[in-house]
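In: sequence and computational prediction follow.
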Amino acid sequence: MSHAAVIGAGIGGLTAAVALAQEGWTVTVLEQAASIEPVGSGLAIAPNALRALDMIGIGDEVRRLSAIQGEGGIRRPDGRWLTRTDTDAMTARYGDPIVLLPRATLVDLLAVRLPPGALHLNRRVESVDPAAGRVVTADGTLDADLVVAADGIRSATRSTLFPGHPEPRYTGVTSWRIVVPADRGSDPPQACETWGDGTLFGVMPMAGGLVYCYATAAAPPGARASDEKDELIRLFGDWRAPIPALLAAADPAAVLRHDIYSLDRPLPAFHRGRAALLGDAAHPMTPNLGQGACQAIEDAVVLARQAGAAVEAGEAVDLAAYSRARVARTTRIVRRSRAIGRLTGWRSRPAVALRDTLLLAMGALGTNAAFRQADAICHWPG
């Protein structure tokens, strides 16, 4: 039986391990942390990623445990709508809406489907030999027919496979994430983003009476506030309802802050030798399209399908075919997400007025105009 070593037990790594096991592979998942408990944040799963999850048999369970995004769009801090979304039209066009769930829920759904004994925690990978398919940890050496590197935005495996390639670049923007309880005395808030002058605040109602909030603002790299909740209140506390109330309900200890990086120069391939990259290890992107986890899920399913075909044919995995299937698609999405991120970062009054006018004009054209921008992402596989 063919053996795959998967480096990293995030969403991409877990999806790859589950999908490979379903294709008849023995899998070993190496995770440097002591647990796979994820960060406390929410996750938007778009129709393309739901379709990929259907391929490994958990799409319906994700739908059942999720909230539908519902009507929403983009607003100004004073509450004025710039664009509106139509969930029914999205479902009719793509077969599914965007669904929202805690990141922990998806991690749990994947982890319970790992083969017994596949997950190895506290296993820090020290080196990878892509030609031999060899992974070295402090506990010993592992030889594999396939090495799947899902080791994140600072991937050491990526540096090994492509030495000298530019590292992900800081975008000049930092982000905050927080999950808060919804106000039980009122209707759940609408899922939408509010765009200010170089700042953004997103609201995503989830199942179970929870609301996922995220925010971005320009900041020097590595900058941190003594109290991140107070910093959010300073930046967004006078914005439209229910943002002030959501911030007031936030637990200061649960506010997460991370700088945003993007791989502006794409890799020439996502493989070398017996090693393949996926997710943030292959194509770190800004969160503006909500496609980071979605593309990692796609990567994992495509890679597993290639691996399954190789087992059936008694051949080595055609990793060049994996690169051909994924590099061009993810590069387009990385660039589009980066472009939207730049729009949200505009701060001068004339530039912001122009941006808002363009958004209003696009909204006036109806849902088809917005969907044309999403077709290339959501119609997958095409």
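Out: Sure, I can see it.
In: next SSE downstream of the top helix by length along the chain?
Out: The longest helix of the chain (DSSP state H) is helix 319-344. Next along the chain after helix 319-344, taking DSSP states H and E as the criterion, comes helix 349-364.
In: list the buried residues for that next one?
Out: Across helix 349-364, burial judged by 16 or more other C-beta atoms under 10 Å covers 352, 355-356, 359, 363. For glycine as for every other residue, the C-beta is placed from the backbone atoms N, C-alpha and C.
In: show me what the helix or strand just after that helix packs onto, helices and strands only.
Out: The helix or strand immediately downstream of helix 349-364 is helix 367-378, counting by DSSP H and E. Secondary-structure packing of helix 367-378 (3 or more C-beta pairs under 8 Å, 6 or more residues apart in numbering; DSSP states H and E): helix 47-55, helix 87-94, helix 349-364.
In: make JSON lines from those helices and add mean pLDDT and distance to G382 to it.
Out: As requested, these are exported to JSON lines (pLDDT from 0 to 100; distance: least, C-beta to C-beta, whole Å):
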{"stretch": "helix 47-55", "mean pLDDT": "98", "distance to G382": "10"}
{"stretch": "helix 87-94", "mean pLDDT": "93", "distance to G382": "12"}
{"stretch": "helix 349-364", "mean pLDDT": "92", "distance to G382": "24"}
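In: D299 is nearest to which of those?
Out: Nearest of the helices and strands packed on helix 367-378 to D299, taken as C-beta to C-beta: helix 47-55 at 9.0 Å.
In: show me where the stretch 151-300 of the chain dips below the pLDDT cut-off.
Out: 185 (pLDDT under 70).
In: for the closest residue to I98 other than its chain neighbours, give its distance to N288.
Out: Using C-beta to C-beta, 6 or more residues apart in numbering and skipping the chain neighbours, the partner closest in space to I98 is Q69 (4.2 Å). Using C-beta to C-beta, to the nearest Å, Q69 is found at 16 Å from N288.
In: okay, now Q190: neighbour count?
Out: Residue neighbour count, defined by other C-beta atoms under 10 Å, stands at 17 for Q190.
In: residues touching it, list them.
Out: Applying C-beta atoms under 8 Å, 6 or more residues apart in numbering to Q190 gives the contacts 70-72, 203, 205.
In: follow-up on the earlier one: surely the residue nearest to I98 meets A44?
Out: Yes. Here Q69 reaches A44: they are 7.1 Å apart, a contact under C-beta atoms under 8 Å.
In: identify the contacts common to these two.
Out: Residues within reach of Q69 and of A44 at once, by C-beta under 8 Å, 6+ apart, are 98-100, 204.
In: need the max-distance pair from those.
Out: Farthest pair in the shared contacts of Q69 and A44 (C-beta to C-beta) is V99 and M204. Separation: 10.3 Å.
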